[in-house]
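# Prediction below, plus the sequence it came from.
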Amino acid sequence: DGGITQSPKYLFRKEGQNVTLSCEQNLNHDAMYWYRQDPGQGLRLIYYSQIVNDFQKGDIAEGYSVSREKKESFPLTVTSAQKNPTAFYLCASSPGGFLEQYFGPGTRLTVT
Amino acid sequence: AQKITQTQPGMFVQEKEAVTLDCTYDTSDQSYGLFWYKQPSSGEMIFLIYQGSYDEQNATEGRYSLNFQKARKSANLVISASQLGDSAMYFCAMRELETGANSKLTFGKGITLSVRP
């Protein structure tokens, strides 16, 4: 089945630790995106990538880093510099243009 | 200014009735796309419907239709014959044309819809 997978679904970390969230897609999409969602809020764009080995900062990139070494994979690292990392993280991909984005099931990160 | 505005408080609808979820947007671009997504309590985002700024007809997808009023910059989602499974958060989003083919999506804050049996 084609789709986007994110793992794990729930992630717990201690403050001060970096953590990497996985996002893989087998839809052959060029573009991939990372969003953050806080309770009762919409999605805010963290980073996006239009092509392998290239990515751009979104609206709230501080404290996050990404890589895009393969078309299928776009991991997100939440660094210790991110002041409020506890949130729901959603990965998406898109074939491009004005076409819709397809979302993964999300990872709920809790940092204590 | 917010690009996507969803100001309705939690919405309630009786099963089998129709409901309209409001969305207004702000852009100076001539070319843009408008999207609606559904987010059930499980958290996944499910694409519902798309309307392009140059589309003359309102988009429809099954029980979903988009009431697109370009001059008023509104893109309201109409759900007909509501079902219990329609209970979820609904997000309106806009994609403006930027350099490159893969422009960003801007989301509203969402509306909670509860369907009563």
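On my side now, so go ahead.

# Would you mind naming what in chain B lies close to chain A?
B:4, B:33, B:35, B:37, B:42-47, B:50, B:52, B:91, B:95, B:97, B:100-102, B:104-110 (Cβ under 8 Å from any Cβ of the partner chain). For the C-beta atoms, the positions are set from N, CA and C on the backbone; glycine is no exception.

# Give me the contact list for the helix or strand of chain B with the lowest mean pLDDT.
Least confident element among the helices and strands of chain B, by mean pLDDT, DSSP states H and E: strand B:105-107 (a mean of 89). By Cβ atoms under 8 Å, 6 or more residues apart in numbering or on different chains, the surrounding residues in contact with strand B:105-107 are A:33, A:35, A:42-45, A:101, B:3-4, B:35, B:37, B:91-96.

# May I have the strands that pair with the very next helix or strand once past that strand, each with its orientation?
On the C-terminal side of strand B:105-107, the closest following helix or strand by DSSP states H and E is strand B:111-116. Sheet pairing for strand B:111-116, assigned by DSSP bridges, gives strand B:11-14 (parallel), strand B:88-96 (antiparallel).

# Check the average confidence over strand B:111-116, would you?
The predicted model gives strand B:111-116 an average pLDDT of 96.

# Measure how buried B:Val78 is and give me the count.
B:Val78 has 16 neighbours, counted by other Cβ atoms under 10 Å in any protein chain shown.

# Repeat that for A:Ser67.
15.

# can you tell me which residues contact it?
A:Ser67 neighbours (Cβ under 8 Å, 6+ apart): A:Phe55, A:Phe74, A:Pro75.

# can you list these in a markdown table and add neighbour count, distance to A:Asn26 and secondary structure?
Formatted as a markdown table, the contacts of A:Ser67 follow (neighbours: other Cβ atoms under 10 Å in any protein chain shown; distance: Cβ to Cβ, whole Å; DSSP: H, G, I helix; E, B strand; the rest coil):
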| residue | neighbour count | distance to A:Asn26 | secondary structure |
| --- | --- | --- | --- |
| A:Phe55 | 20 | 20 | strand |
| A:Phe74 | 28 | 13 | coil |
| A:Pro75 | 17 | 16 | coil |
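
# tell me which of those residues is nearest to A:Pro85?
Closest approach to A:Pro85 among those (Cβ to Cβ): A:Pro75, at 15.3 Å.

# ok, that closest one touching A:Ser65?
No: A:Pro75 is not in contact with A:Ser65 according to Cβ atoms under 8 Å; the separation is 9.2 Å.

# does the residue most central in space within chain A have beta-bridge partners, and which?
When Cα atoms, centre = their mean is applied to chain A, the residue found nearest the centroid is A:Trp34 (3.1 Å). Beta-bridge partners of A:Trp34, counted by DSSP bridges, are A:Tyr47, A:Cys91.

# That one and A:Tyr89: what is the separation?
7 Å (Cβ to Cβ, to the nearest Å).

# which regions of chain A lie under the pLDDT threshold?
Scanning chain A for pLDDT under 70 picks out A:1-2, A:97-98.

# ok, which stretches of it are strands?
Counting by DSSP state E, the segments of chain A that form strands are A:4-7, A:10-13, A:19-25, A:31-37, A:43-51, A:54-57, A:64-66, A:76-78, A:87-94, A:102-103, A:107-111.

# what touches both of A:Trp34 and A:Tyr89?
By Cβ under 8 Å, 6+ apart, the residues touching both A:Trp34 and A:Tyr89 are A:Leu21, A:Ile46, A:Leu76.
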